[in-house]
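1. coordinates for the following, if possible.
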Amino acid sequence: MNIDHKPISLKILMPLLAAIMAMSPLAVDLYLPAMPQLALDLNTEITLVQNTLSIYLLGYALGLILFGPMADKSSRRHLVILGISGFTFASIALSFCQNIEQFLALRFIQAFLSSAAIVVVPSAIREYYGKNIAKGLSYVTMIMMLAPLVAPSIGSALLLLGNWPLIFYCISGYAIIVMLFALRFLPERANLFNTNGSDLTSVDIKNYSFIERYAIVLGHKQARLDLISSMMVSMAFFAYLTAIPFVYLTVFKVTELEFSALFALNVGALMSAHFINTRLVTRKGSRVMLFAGLAVAILAASALVGVNYWQLPLLYSVIAIFPLMGSISMIAVNSDALVLTEFAEHSGTATAVIGTLRFGIGALAGPILTYFYDGSALPFSLLMLGAILVAAVCQTIIKLGKPILSKG
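-> Purely as a prediction, here's the structure:
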């Protein structure tokens, strides 16, 4: 697609879209260092404070279900204003909470409303990049990942300056700044184009009902396999997020400073993979990059299983996890891009399906790891390998049966 006619520079649009997407990572990661203080001030157990993460993910997933189809037919700017405004007011209200029940309710509202803004991002990227949406997604995700990279450190610094409400004041201030830039620079919906470049604006896409939009996305056979691939790598990613504090801090007994450095190293792997994807995906295509990511992931996950089975030193786990995290991000962004490419006129609904399934399957990682807990790092490495192998099977089915699947 030719993007020269677009009225806004990608140098402005991509950071803006990344800033919108970064709201949720900041809301999730910035207050992590404050959890013990929250439990004390709200006179509750730390486990209930930890459950605010699950409540946030639930609210976000349910919000996507509602706002996804709306993004296909409603004003993009109106949804962004609704989402960021709601996120801002909920963030301010959180700083005044007196008990854990209020905190849990407001976390749900904060996440639910924020999804209205975030759900429009992939459709905006698709309008500007067309078939090269994976490149745009990689750019935005690479910038957005700065948020989880620095959020815990910023949260710790804010705690030194004041109490935990200061963290939510800062989150609110960030959201207000993003909304001001969105009001100034975020374009409304551009003309839609299909993958052949022909104009789709003659199609009255607003005639589809809420249920029909989901039926169209979920009824596409090849897209279902790409969705399963995305779900499985999300399972692997959430298995990592759930288990890695235990693995590093308890199994290998590293210090908190060492843990922060190792965690940042793996975020660097994610960002590096997205950078590589932006350089190669326009020439190789999303499907080729997805298979390359799968090949690396299978090798790295198998190595990680071996490292933990034979209980080798920490260095071997670090060496195995680094390429594994990078390859997971490459699989995820390209599988998402392949789904979104199939649904130019239903990109909001497709985004909702991807996000809901991703967070839904991710929520299972914790219970699965708890069930198979044996005091070692082996269960988490086996879960990551198993999830990646399922994704590989899905992609193999697509490769072997593509002429048949494409008719679905």
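2. next, name the residue at the spatial heart of this protein.
-> Centroid-nearest residue in the chain: residue 355, 7.4 Å away (criterion: Cα atoms, centre = their mean).
3. does that one lie in a helix or a strand, and which?
-> helix 347-362 (DSSP states H and E).
4. contact partners of that helix?
-> 57-58, 60-61, 64-65, 67-72, 115, 119-123, 126, 213-214, 216-218, 223, 227, 230-232, 234-235, 237-238, 336, 339-340, 342-343 (Cβ atoms under 8 Å, 6 or more residues apart in numbering). C-beta: built from backbone N, CA, C; applies to glycine.
5. what residues sit buried inside stretch 153-169?
-> For stretch 153-169, burial by neighbour count (16 or more other Cβ atoms under 10 Å) applies to 154-155, 158-159, 164-168.
6. turn those into CSV, including distance to residue 76, pLDDT and secondary structure.
-> Output for the buried residues of stretch 153-169, formatted as CSV (distance: Cβ to Cβ, whole Å; pLDDT from 0 to 100; DSSP: H, G, I helix; E, B strand; the rest coil):
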residue, distance to residue 76, pLDDT, secondary structure
154, 29, 82, helix
155, 31, 81, helix
158, 32, 86, helix
159, 36, 83, helix
164, 34, 91, coil
165, 32, 93, helix
166, 32, 94, helix
167, 29, 92, helix
168, 27, 94, helix
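7. helices or strands up against the first helix or strand past the helix holding residue 355 going along the chain?
-> Using DSSP H and E, the helix or strand that directly follows helix 347-362 along the chain is helix 365-371. Taking 3 or more Cβ pairs under 8 Å, 6 or more residues apart in numbering; DSSP states H and E as contact, the helices and strands that helix 365-371 lies on are helix 221-245, helix 378-405.
8. surely residue 29 touches residue 149?
-> No - under the contact definition of Cβ atoms under 8 Å, residue 29 does not touch residue 149, with a separation of 9.0 Å.
9. about what we covered before: what would the helices and strands packed on helix 365-371 look like in TSV with mean neighbour count?
-> Listed next are the helices and strands packed on helix 365-371 as TSV, based on neighbours: other Cβ atoms under 10 Å:
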stretch	mean neighbour count
helix 221-245	22
helix 378-405	19
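10. identify whichever of the ones you listed lies nearest to residue 19.
-> Using Cβ to Cβ as the measure, helix 221-245 is the one of the helices and strands packed on helix 365-371 that comes nearest residue 19, at 22.0 Å.
11. relative orientation of that closest one and helix 378-405 in degrees?
-> Angle, helix 221-245 to helix 378-405, by axes from the mean of the first three to the mean of the last three Cα atoms, to 10 degrees: 170 degrees.
12. next SSE downstream of helix 221-245?
-> Beyond helix 221-245 toward the C-terminal end (DSSP H and E), the next one is helix 256-284.
13. circling back to that earlier point, can you say which of the contacts of helix 347-362 are buried?
-> 57-58, 60-61, 64-65, 67-72, 115, 119-123, 126, 213-214, 216-217, 223, 227, 230-232, 234-235, 237-238, 336, 339-340, 342-343.
14. report the inter-axis angle for the worst-scoring helix or strand of the chain on mean pLDDT versus helix 347-362.
-> Here the helix or strand of the chain ranked lowest by mean pLDDT, DSSP states H and E is helix 210-218, holding a mean of 72. Comparing the axes of helix 210-218 and helix 347-362 via the same axes, to 10 degrees yields an angle of 70 degrees.
15. in CSV, list the C-alpha atoms belonging to helix 210-218.
-> What follows is helix 210-218, C-alpha atoms only, in CSV (Å, rounded to 0.1, in the frame of the first residue of the first chain):
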residue,chain,number,x,y,z
PHE,A,210,-21.8,-7.8,16.8
ILE,A,211,-22.1,-11.6,16.6
GLU,A,212,-21.6,-11.7,12.9
ARG,A,213,-18.2,-10.0,13.2
TYR,A,214,-17.0,-12.6,15.6
ALA,A,215,-18.4,-15.4,13.5
ILE,A,216,-16.5,-14.1,10.4
VAL,A,217,-13.2,-14.0,12.3
LEU,A,218,-13.6,-17.3,14.1
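16. counting by contacts, list what it packs against.
-> Using 3+ Cβ pairs under 8 Å, 6+ apart: helix 210-218 touches helix 46-71, helix 347-362.
17. tell me the SS of residue 172?
-> helix (DSSP: H, G, I helix; E, B strand; the rest coil).
18. next one: the nearest residue to residue 244 once chain neighbours are set aside from residue 366, what distance?
-> Spatial nearest neighbour of residue 244, chain neighbours left out: residue 263 (7.1 Å); criterion: Cβ to Cβ, 6 or more residues apart in numbering. Using Cβ to Cβ, to the nearest Å, residue 263 is found at 18 Å from residue 366.
19. surely residue 82 and residue 115 touch.
-> No - the pair residue 82 and residue 115 fails to qualify as a contact (Cβ under 8 Å) at a distance of 10.2 Å.
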